[in-house]
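Q: using only what follows, build the 3D model:
(one chain, ligands or ions: 1)
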Amino acid sequence: MIQQQTKTDLRNLTQQKLVEYVQSLGQPAFRGKQILPWLYRPGTIDFSAMTDLAKEFRKTLEENAFISSFSNPLLQKAADGCVKFGFPLDDGNIVESVLIPEPDRNTLCISSQVGCAMKCAFCLTGTMGFTRNLRVAEIVNQVCSVRDYLLKQPKETLIGPDRVTNVVFMGMGEPLNNFTNVIDALSLLTEQKGLDLTTRKLTVSTCGIVPKLRELGEKTSINLAISLHSVKNEVRSSLMPVNKKYPVEMLLAACRDFPMPKRKRIMFEYTLLEGINDSLDDAKILAKKLRGIPCKINLLSYNACPQLPYKSPNREKILAFQKVLLDAHYTVFIRTSRGADISAACGQLATEKSGLEMA
Ligand code: SF4
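A: Purely as a prediction, here's the structure:
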């Protein structure tokens, strides 16, 4: 470990940074592009396996660099097939990801930070406080590790495909508060010689860090999800302190200004909390305020937990809320909660070591 601290983790580097890195070692630029596919092959890779690289160069890499991986994740499986992964980090922290399998896809919900500074009142991660940003490698290694896990499972036990098809940044942390590392990780996730995921299947969810939204849209073409939960400033500020800095009007103006292709839609996430944001009046105001924004709306029933005081409204109330939005011609989904029995559902990630077991 001490030796590794003085070496460069190649999984922290985008293709461009890899090229610059090999040049700093006195090597031609093409060597950087040559290494990239090796770094993201399934399984543990060491430099001796990179047989198309000159022996001398492999020796230089061994002396100066390493390839990190999350090799021993802690696991917890839910009754509905969701799997929560806990990845021990080299500083003793644990970061979590959740695999949500469906017959035609495997969605992996990944984390961008250890803890979160945003203190959303309904979110367990928010109660942990902020510890640190994840490095690029720690973001992409969540995907690599779950990909390797899926490849090792007997095919007949899988609910979905044997690979990660979709990635959502909806785990621990606010991705736009770790902007540079998230952008670099997105570049590796979509790089053909990296993890080769299509941008259509990548979603970044934010609580509304307004100054970063436009830059996100300019630098990537991923899907944007906004944790909205209310369009009444008083209610939203009580649920999400970020709203005091970037109120609803500012956030929705940034959404209107978000650069995206015509066919794309912003996904507004709206968690229904009984007696707080679930009235028909709330639905009508929501319909009015979102007018003109190309969007879809995800209604989420709240995953109650003993640590927080909120409850989900009943099914009838959720359907009535949805009807107001449907009548206003929005596309509205009611999202079924997955993995709630292992605290893997939305807003429930808070590094509870208990329950997680060795893979
Ligand atoms: S909802 Fe997201 S932004 Fe808010 S505290 Fe939880 S992890 Fe942070």
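
Q: gap between the closest residue to Ile285 other than its chain neighbours and Ile297?
A: In this structure, Ile285 finds its nearest non-sequential neighbour in Val231, 5.7 Å apart by Cβ to Cβ, 6 or more residues apart in numbering. (Glycine included, C-beta is placed from N, CA and C.) In this view, Val231 and Ile297 are 11 Å apart by Cβ to Cβ, to the nearest Å.

Q: what of Leu280?
A: Distance from Leu280 to Ile297, by Cβ to Cβ: 15 Å.

Q: the more surrounded of the two?
A: Neighbours per residue, other Cβ atoms under 10 Å: of Leu280 and Ile297, the larger number sits with Ile297, 24 against 12.

Q: I figured the more buried one hits His329, correct?
A: No: if you go by Cβ atoms under 8 Å, Ile297 and His329 don't touch, sitting 11.4 Å apart.

Q: what touches both of those two?
A: By Cβ atoms under 8 Å, 6 or more residues apart in numbering, Ile297 and His329 have no common neighbours.

Q: could you give the number of residues near whichever residue of the stretch 201-350 of the chain sits closest to the ligand?
A: As assessed by Cβ to the nearest ligand atom, the ligand sits closest to Cys207 within the stretch 201-350 of the chain, at 4.0 Å. Using other Cβ under 10 Å, Cys207 has 27 neighbouring residues.

Q: surely it is in contact with Leu239?
A: No: under the criterion of Cβ under 8 Å, Cys207 is not in contact with Leu239, lying 9.9 Å apart.

Q: per-residue pLDDT, Cys123?
A: Per-residue pLDDT puts Cys123 at 90.

Q: which phi and psi does it have?
A: phi -120, psi 130 (degrees, to the nearest 10).

Q: for the stretch 51-200 of the chain, what lies in contact range of the ligand?
A: 116, 118-120, 123, 125-126, 172-174 (Cβ under 6 Å from any ligand atom).

Q: top of those residues by neighbour count?
A: Busiest of these [other Cβ under 10 Å] is Gly173, holding 29 neighbours.

Q: ok, the residue lying closest to that residue once chain neighbours are set aside - how many residues close by?
A: Distances taken as Cβ to Cβ, 6+ apart place Gln113 nearest to Gly173, at 2.7 Å, with adjacent residues excluded. Number of residues near Gln113 (other Cβ under 10 Å) recorded here: 26.

Q: measure Gln113 to Leu89 for me?
A: With distances taken as Cβ to Cβ, Gln113 is found 12 Å from Leu89.

Q: Thr271 too?
A: Noted for Thr271: a distance of 28 Å to Leu89, by Cβ to Cβ.

Q: which residues of this structure score low on pLDDT?
A: Along the chain, segments meeting pLDDT under 70 span 1-5, 44, 340-359.

Q: can you give me the buried ones in the helix ranked longest in it?
A: Secondary structure of the chain per DSSP state H: the longest helix is helix 136-152. By neighbour count on 16 or more other Cβ atoms under 10 Å, the buried set for helix 136-152 is 136-150.

Q: equivalent analysis for stretch 79-95, please.
A: So for stretch 79-95, counting by 16+ other Cβ under 10 Å, buried means 80-89, 94-95.

Q: also stretch 295-307?
A: Buried, per 16+ other Cβ under 10 Å, within stretch 295-307: 295, 297-305.

Q: for the strand or helix carrying Leu216, output the C-alpha coordinates as CSV.
A: In this assignment (DSSP states H and E), Leu216 forms part of helix 210-219. Extracted C-alpha coordinates of helix 210-219, given in CSV (Å, rounded to 0.1, in the frame of the first residue of the first chain):
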residue,chain,number,x,y,z
VAL,A,210,-27.5,25.3,-10.6
PRO,A,211,-24.1,26.7,-11.6
LYS,A,212,-22.9,23.3,-12.8
LEU,A,213,-25.9,22.3,-14.8
ARG,A,214,-25.1,24.0,-18.1
GLU,A,215,-21.5,22.8,-18.0
LEU,A,216,-22.7,19.2,-17.4
GLY,A,217,-24.9,19.5,-20.5
GLU,A,218,-22.1,21.0,-22.6
LYS,A,219,-19.5,18.4,-21.5
